[in-house]
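*Asks:* Could you work out the structure for the sequence below:
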Amino acid sequence: MKQTLLVPLLALALALAAAGCLLTGQFLVSFALPDPLAVTPTAVERADVDLNTVAAYRDHRGEVEALADLALVGRLTNTGAAAVDVDVWLTPAPTAHTDAAAVALDPTAVKVWGPLRVGPGETKTIGWDASAALFGKGRTALLEQVRGDGVFTLYALGGTSTYSFRWDGGALVAVVAAGR
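*Replies:* Model (predicted):
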């Protein structure tokens, strides 16, 4: 499963390097999410993100100016009986919420992505373009984290009181613009 997503990500990284993006002040950051993320309202799994574990980020962290492009990729499967609108929320510090209500009550939590509707029993592969369009105002919150210490927590949640889904082969991928 992961190999099917890693091949396009590797191709993207090679294309960016071949196009001279590393020389023009852009670098690629790819952070794998726990695989799978299995989510219900009462059993939320989190992705503890530490961009400092990514060499390109460590090397250029102090030069970050903007997010040139951004995506959450992977394969979402609705394992429930009703359609689900999947959102991704961010807390700017490591947190360990175990249910959707706790995330919603956290005053620091910010919705950064979504919603993506997935029908009952449906599986959707989330590619770059479709994902990038779902960020909206969430780009600003993520940029703050990328410019900051690079440590935060992501939660995938459904938009209703009953839902069940899996996110397989997930990754947060960003093309970061950096100054010299």
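*Asks:* okay, now Leu28: neighbour count?
*Replies:* By other CB atoms under 10 Å, the residues close to Leu28 number 22. Yep, even glycine has a C-beta here, placed from its N, CA and C like the rest.
*Asks:* can you check Pro120 too?
*Replies:* 12.
*Asks:* same thing with Glu63?
*Replies:* For Glu63, the neighbour count with other CB under 10 Å is 13.
*Asks:* Look up how far Val151 lies from it.
*Replies:* The gap separating Glu63 from Val151 is 18 Å, by CB to CB, to the nearest Å.
*Asks:* Name the next helix or strand downstream of the lowest-mean-pLDDT helix or strand in the chain, please.
*Replies:* Here the helix or strand of the chain ranked lowest by mean pLDDT, DSSP states H and E is helix 2-18, holding a mean of 48. Elements were assigned by DSSP states H and E; along the chain past helix 2-18, the next helix or strand is strand 26-32.
*Asks:* The protein: strands as residue ranges?
*Replies:* Taking DSSP state E, the strands of the chain run over residues 26-32, 37-39, 46-50, 64-78, 84-91, 110-118, 123-126, 151-158, 165-178.
*Asks:* Pick the most deeply packed of those strands.
*Replies:* For those, the largest average neighbour count (mean count of other CB atoms under 10 Å) is found in strand 151-158, namely a mean of 24.
*Asks:* and it, what does it pack onto?
*Replies:* On a contact count with 3 or more CB pairs under 8 Å, 6 or more residues apart in numbering; DSSP states H and E, strand 151-158 meets strand 37-39, strand 46-50, strand 84-91, helix 100-105, strand 165-178.
*Asks:* Grab the nearest non-local neighbour of Thr91.
*Replies:* Nearest residue to Thr91, sequence neighbours excluded (CB to CB, 6 or more residues apart in numbering): Thr153, at 4.7 Å.
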